[in-house]
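Asker: below is the sequence, then the predicted model.
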Amino acid sequence: MFTARLTTVALVCALCFPVWAGDDDDDDDNRGKDNRRVYQAEFVPIGSLGLPIAAGTDPLENGGVDVTLRGDVKVSLDGAAPNASYTVSFCRFALTSVGCAGLANSAFSTDEKGKAKAEMQMPVPSGNWSGIFLITRDGVPQFATAFNTRNTAPPAGAEVEIKGRIGALDPASNSFRLDSLSVPVFVTSRTHFVKLDSLRDLRIGDRVEVRGESINGRIEASRIKSED
């Protein structure tokens, strides 16, 4: 199946940020003058990165991490393994167990739906950090911070599964465009809707998941699911 995105992990300076104790004049997200956010990133399954390392196969729909100036770390997962215990580490420069340090209060568990939100602290309260966050389960790497780039032109005949927000609607032609895909998505008599009744229920900015096939420069949708 063609997935309309390529995931890239930056092993050197994937995240570079200073953390220190002291006053700062900036204010971010109402955290206070001395605790603004200095870093934010997404987690992706390590198995999707194509790296020559042993990695787990836990699912993940969404995940992210925030770091503040005082070294406060917030981690969230959605769609991970249910009722599972995870541990967070920070790895300097490379995705290996060497050079990885566990965060303070780094252990957390997901609920029956695979969701979790946890708060913790960087390994030391101040310093300059360059590297990646790593989440493991039973000692096996599962998720790492990374970023996504998108291939917006799926090859002809490819099966497509992609999530995105509605960027344009054309009810006259029974089609719409996603902000993450350059080709239009067409609704046919075979399109199945989930959490929607029809194309008329869609609005600009709605988040949807589309499954279908690339045919003659467009996507013919077999399934459209609302993600809102």
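Answerer: That came through, no problem.
Asker: domain ranges for the protein?
Answerer: Annotated domains of the chain cover 2-148, 159-226 [automatic domain parsing].
Asker: turn the ones you listed into a markdown table, including mean neighbour count and mean pLDDT.
Answerer: In short, each C-beta sits where N, CA and C put it, glycine included. Shown next, in a markdown table, are the domains of the chain (neighbours: other Cβ atoms under 10 Å; pLDDT from 0 to 100):
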| stretch | mean neighbour count | mean pLDDT |
| --- | --- | --- |
| domain 2-148 | 16 | 77 |
| domain 159-226 | 15 | 91 |
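Asker: ok, T136 - contacts?
Answerer: G56, Y86, T87, S89, Q142 (Cβ atoms under 8 Å, 6 or more residues apart in numbering).
Asker: please apply the same query to G102.
Answerer: T87, V88, S89, P123 are the contacts of G102 under Cβ under 8 Å, 6+ apart.
Asker: tell me which two of those residues sit farthest apart.
Answerer: Greatest spatial distance among those (Cβ to Cβ): T87 and P123, at 12.7 Å.
Asker: the contacts of T136: which two are farthest apart?
Answerer: Of all pairs in those, the most separated under Cβ to Cβ is G56 and S89 at 14.2 Å.
Asker: which residues sit against stretch 196-209?
Answerer: In contact with stretch 196-209 (Cβ under 8 Å, 6+ apart) are residues 161-169, 171, 174, 176, 178, 187, 193, 223-228.
Asker: show the end-to-end separation of it, please.
Answerer: This stretch, stretch 196-209, spans 12 Å end to end (Cα to Cα, to the nearest Å).
Asker: so can I have TSV of the contacts of T136 showing distance to A118 and secondary structure?
Answerer: Below are the contacts of T136 laid out as TSV (distance: Cβ to Cβ, whole Å; DSSP: H, G, I helix; E, B strand; the rest coil):
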residue	distance to A118	secondary structure
G56	18	coil
Y86	8	strand
T87	10	strand
S89	13	strand
Q142	14	strand
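Asker: could I get the residues you listed as a markdown table with distance to A107?
Answerer: Conversion of the contacts of T136 to a markdown table gives the following (distance: Cβ to Cβ, whole Å):
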| residue | distance to A107 |
| --- | --- |
| G56 | 16 |
| Y86 | 7 |
| T87 | 5 |
| S89 | 11 |
| Q142 | 14 |
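Asker: ok, now which ones touch the residue lying closest to I46 once chain neighbours are set aside?
Answerer: Distances taken as Cβ to Cβ, 6 or more residues apart in numbering place A55 nearest to I46, at 4.0 Å, with adjacent residues excluded. Residues counted as contacts of A55 (Cβ under 8 Å, 6+ apart) are P45, I46, G47, L49, V140, P141, Q142.
Asker: do T87 as well
Answerer: By Cβ under 8 Å, 6+ apart, the neighbours of T87 are G102, S106, A107, I135, T136, R137.
Asker: quickly find the element holding the fourth one.
Answerer: Which is I135. Applying DSSP states H and E as the criterion places I135 in strand 127-137.
Asker: so how far is L77 from R165?
Answerer: 22 Å (Cβ to Cβ, to the nearest Å).
Asker: perfect, I'm done here.
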